[in-house]
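S.K.: Structure for this input, please:
(2 chains)
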Amino acid sequence: MTASAVRVRFAPSPTGYLHVGGARTALFNWLFARQLGGVFLLRVEDTDKARSTEESTAAIFEGLRWLGLSWDEEVVYQGSQPFLERHQRDARAMLESGHAYRCFCTATELDERRKEAEARKDSFKYDRRCDRLSADEVAARVAAGSPFVIRFRVPEGSTGWHDMVHEDIAFPNKDIEDFVILRSDGTPIYNLAVVSDDIFMRISHVMRGDDHISNTPKQILLYQALGAARPVFAHFPMIHGLDGKKLSKRHGATAVGDYQHLGILPEAMCNFLALMGWSPGGDREVMSMAEMTELFSENGLLKKAAVFDTKKLEWMNGQHIIRLPLDDIAARVLPSVVATGLVTAAALEAKHAWYLSLIDLLRARARTLGEIAEMAKPFLVQTVTYDAAAAAKAWKDPAEARAVLRAAHATLAACGTWERAALEAALTALGEAQGLGASKLLAPIRVALTGLSNSPSIYDMLPIFGREQSLARLAAAEQHLAGHLSA
RNA sequence: GGCGGUAUCGUCUAGGGGCCUAGGACAUAGCCCUCUCAAGGCUAGAACACGGGUUCGAAUCCCGUUACCGCUACCA
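M.R.: The predicted structure is shown next:
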């Protein structure tokens, strides 16, 4: 097969949001296509009209776009008229070629028989009774207007394939029942629709979740009955929650949109997802999209279900936050910073260099974009709010703290230049002169400057605040403590 | 129940007969760095599900058992 013949698709059913498991499947398809210069397609499986919604479709597109998984060609809708008609044509063709037959058993009857079998602890499989109907009988029922479904007549033998991740898998056909391919209302059942569409879309590799393994033999049978060449199949392992069960709402955030709002970068999300079911080999872990595209290989595909651990996702996000270009991160965190309500985008634009240096200072200590915005707050407020616990600790003795602040204020005010090195030298000298250790000296200043007990280095912050603002904050804290003393 | 799949530290994984007294990462604990918090560095504990084979030799190959997961619809 030539590389250009690679055509893969992601085929979600629009009944919810883009789930992390779906996102992982989409990512693998995308990576595979991009690496081989193939085509990545999107097909919305909306044949179940009752459960499909437009909001869901939009949410899935949005999730894919955010992740950067761009698709080629027009999105295809499985439930659209031309598609439906083709599904019916294919079903009819199989009826005519003898690969399928009409079944007049009603859903209720089937249900009862299934329950009876269950009560006897027998496994239920359709008994093919309608396949034994005479041609005349069938014609009579059709003429009488009896509703019927079309069932595929599963042949003798065994159906297997060579899976890209599981190697060889085979199912004895006797374990596959004569499954329905067309409902009594003329709409197709999943397996028919999928095969019909994959043939039509000339899909070369069907890559999906493990949960489709048992559908595969049925689909292969359909390809054969339809006289079409089958694609290569790949079944990726499932993603589970911390309890080992299939990931669901109970496990917390499972929609990719949840992570977007949490301040996770799409690069980190993809990187993390890629490692669930795939490994580039060796100790390689943190990768850019370009690196993953280059390294992706079916040899690294894993069989075991992976547990989704948000702790590692967060760590990985921190790694991407540090590695991505500063202006890129600064631009992406901007909406969150503006959302604090403390500053406008225009104001930040006006002092872009200052904003960049601020973000540079904060990003090493953040794991999410939201944390960066949170840590940026003290730098954006007009008046500092002193955190009670921080003040209680750093300003334990108000008189002493006030003295330190006053001395620091005088020292810094006397500084000729407002540069990091000079400032540090001046304060270090002050500390030595007063016999104050770094902690004793700097902790009160930290609270005066930020109101918090944790922050970037004082010497890094001073230039960010600037001379005027720094001195003002020192003075304000001193004032605050003075009030505290008289009270 | 039937059928199918999977099985290395708590988690993500490296490993494809000897390089394995099993490596890396997250998490956890401790130390270093240090003005706090991160980041970074170092260290520790922590795994080949079990039982049989095959082989001079098995985490790696085969079989069985067990556990877990999935499918078992006129859902997708």
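S.K.: Wait, a strand at residue A:122?
M.R.: No - if the criterion is DSSP: H, G, I helix; E, B strand; the rest coil, then residue A:122 is coil and not within a strand.
S.K.: contacting residues around it?
M.R.: For residue A:122, no residue meets the contact criterion (C-beta atoms under 8 Å, 6 or more residues apart in numbering). Every residue, glycine included, has its C-beta placed from N, CA and C.
S.K.: the bottom helix or strand of chain A by mean pLDDT?
M.R.: Using mean pLDDT, DSSP states H and E, helix A:107-119 stands out as the lowest-scoring helix or strand of chain A, at a mean of 89.
S.K.: For it, which outside residues touch it?
M.R.: By C-beta under 8 Å, 6+ apart, helix A:107-119 touches A:123, A:124, A:126, A:127.
S.K.: hmm, the helix ranked longest in chain A in reach of RNA strand B?
M.R.: When chain A is parsed with DSSP state H, its longest helix is helix A:458-486. Yes - contact of helix A:458-486 with RNA strand B (C-beta under 7 Å from any atom of the strand) involves A:458, A:459, A:460.
S.K.: pLDDT added to those, as CSV?
M.R.: Shown next, in CSV, are those (pLDDT from 0 to 100):
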residue, pLDDT
A:458, 97
A:459, 97
A:460, 96
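S.K.: List only buried entries from those.
M.R.: For the residues of helix A:458-486 next to RNA strand B, a neighbour count by 16 or more other C-beta atoms under 10 Å gives the buried set as A:458, A:459.
S.K.: list the contacts for the nearest residue to residue A:343 once chain neighbours are set aside?
M.R.: Nearest non-adjacent residue to residue A:343, counting by C-beta to C-beta, 6 or more residues apart in numbering: residue A:380, 4.8 Å away. Contact analysis of residue A:380 by C-beta under 8 Å, 6+ apart lists A:337, A:340, A:342, A:343.
S.K.: would the first one count as being in a helix?
M.R.: To tie it back to what came earlier, the one meant is residue A:337. Yes - assessed with three-state DSSP, residue A:337 lies in a helix.
S.K.: I'd like to know how far the residue nearest in space to the middle of chain A sits from residue A:474.
M.R.: In chain A, the centroid-proximal residue (C-alpha atoms, centre = their mean) is residue A:256; its distance is 3.6 Å. Using C-beta to C-beta, to the nearest Å, we find residue A:256 at a distance of 45 Å from residue A:474.
S.K.: Would you confirm that residue A:229 contacts residue A:223?
M.R.: Yes - the pair residue A:229 and residue A:223 qualifies as a contact (C-beta atoms under 8 Å) at a distance of 7.2 Å.
S.K.: So which of those two has more stuff around it?
M.R.: The neighbour comparison of residue A:229 against residue A:223 (other C-beta atoms under 10 Å) goes to residue A:223, with 15 against 9.
S.K.: and that one, what element?
M.R.: For residue A:223, the host element (DSSP states H and E) is helix A:216-225.
S.K.: now for that helix, which elements pack on it?
M.R.: Contact here means 3 or more C-beta pairs under 8 Å, 6 or more residues apart in numbering; DSSP states H and E; on that basis helix A:216-225 packs against strand A:149-152, strand A:158-163, helix A:190-200.
S.K.: Determine how far that helix lies from the middle of the whole chain.
M.R.: In terms of C-alpha atoms, centre = their mean, to the nearest Å, the centre of helix A:216-225 is set 32 Å apart from its chain centre.
S.K.: For stretch A:51-66, which residues meet the burial criterion?
M.R.: A:52, A:56, A:57, A:59, A:60, A:61, A:63, A:64, A:66.
S.K.: how far away is the fifth one from RNA strand B?
M.R.: Taking C-beta to the nearest atom of the strand, to the nearest Å as the measure, residue A:60 and RNA strand B are separated by 12 Å.
S.K.: Strands of chain A, residue ranges please.
M.R.: Ranges of strands in chain A, per DSSP state E, are A:7-10, A:39-44, A:76-77, A:100-103, A:149-152, A:158-163, A:167-172, A:180-182, A:205-209, A:232-236, A:239-240, A:306-307.
S.K.: who's in contact with the nearest residue to residue A:222 once chain neighbours are set aside?
M.R.: Residue nearest to residue A:222 in three dimensions, not counting chain neighbours: residue A:195, with 4.3 Å by C-beta to C-beta, 6+ apart. By C-beta under 8 Å, 6+ apart, the residues touching residue A:195 are A:90, A:219, A:222, A:223, A:226, A:228.
S.K.: What confidence value was assigned to the closest residue to the last one other than its chain neighbours?
M.R.: Okay, so that is residue A:228. Sequence neighbours aside, residue A:199 is the residue nearest to residue A:228 in space, at 4.5 Å (criterion: C-beta to C-beta, 6+ apart). With respect to pLDDT, residue A:199 scores 97.
S.K.: Looks like residue A:199 contacts residue A:219 (just checking).
M.R.: No - using C-beta under 8 Å, residue A:199 makes no contact with residue A:219, being 10.4 Å away.
S.K.: Among these two, which residue is more densely surrounded?
M.R.: residue A:219 (22 against 19).
S.K.: Relative to residue A:208, how far out is that one?
M.R.: Distance, residue A:219 to residue A:208, by C-beta to C-beta: 11 Å.
S.K.: With residue A:418 instead?
M.R.: Distance from residue A:418 to residue A:208, by C-beta to C-beta: 60 Å.
S.K.: burial measure for residue A:145, as a count.
M.R.: Neighbour count of residue A:145, defined by other C-beta under 10 Å: 6.
S.K.: how about it, what does it touch?
M.R.: Counted by C-beta under 8 Å, 6+ apart, residue A:145 has zero contacts.
S.K.: what bits of chain A have low per-residue confidence?
M.R.: A:1-4, A:484-487 (pLDDT under 70).
S.K.: rerun at 90
M.R.: Scanning chain A for pLDDT under 90 picks out the ranges A:1-5, A:47-51, A:115-125, A:241-254, A:282, A:416, A:436-437, A:482-487.
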